[in-house]
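1. one predicted model, sequence on top.
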Amino acid sequence: MKTYLNLLLVIVGLLMSNSLLSQTKSVLSFTKISATGNSVIPLQTNDMFGTAVDSIGDLDGDGITDLIVGAFRDSDGGINRGAVYIIFLVF
């Protein structure tokens, strides 16, 4: 649960820093990219999810900027191999 709260805080912080508060957004879906491919292994507390966040443009063509979020200590496929999450937002 703590990890998902961190995700929420990361997204809110990014939206605030980009002055997008006039438009409410939520997570539509996400894709995890790690050493095991598009893994569905749940986040662990020590994955360090959210320590790096950036906007990556509109990857899915819906007119809403999407996010990339790092989890540098994710251990899918090996100890601390890391992973990135592509977060697709929706109004």
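-> Thanks, I have the structure now. Numbering: from 1, shown residues only.
2. okay, S22: pLDDT?
-> On pLDDT, S22 comes in at 53.
3. kindly report the same for L5.
-> 57.
4. try V40
-> 67.
5. point to the residue nearest the middle of the chain.
-> Against the mean C-alpha coordinate of the chain, by Cα atoms, centre = their mean, the closest residue is V69 at 3.7 Å.
6. next one: the nearest residue to S34 once chain neighbours are set aside from G37, what distance?
-> Spatial nearest neighbour of S34, chain neighbours left out: A83 (3.6 Å); criterion: Cβ to Cβ, 6 or more residues apart in numbering. Using the backbone N, CA and C atoms, a C-beta is placed for each residue, glycine as well. Plainly put, A83 is 10 Å away from G37 if you go by Cβ to Cβ, to the nearest Å.
7. hey, where'd the strands end up in the protein?
-> 26-34, 49-55, 67-71, 83-90 (DSSP state E).
8. give the buried residues for stretch 36-54.
-> 43, 47-50, 53 (16 or more other Cβ atoms under 10 Å).
9. just stretch 77-91 next, same as before
-> 82-89.
10. JSON lines please, covering those and showing pLDDT and distance to D60.
-> Output for the buried residues of stretch 77-91, formatted as JSON lines (pLDDT from 0 to 100; distance: Cβ to Cβ, whole Å):
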{"residue": "G82", "pLDDT": "91", "distance to D60": "24"}
{"residue": "A83", "pLDDT": "91", "distance to D60": "20"}
{"residue": "V84", "pLDDT": "91", "distance to D60": "16"}
{"residue": "Y85", "pLDDT": "90", "distance to D60": "14"}
{"residue": "I86", "pLDDT": "91", "distance to D60": "9"}
{"residue": "I87", "pLDDT": "90", "distance to D60": "11"}
{"residue": "F88", "pLDDT": "91", "distance to D60": "5"}
{"residue": "L89", "pLDDT": "86", "distance to D60": "9"}
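11. T65: which of those is nearest?
-> Among these, L89 lies closest to T65 (Cβ to Cβ), at 7.2 Å.
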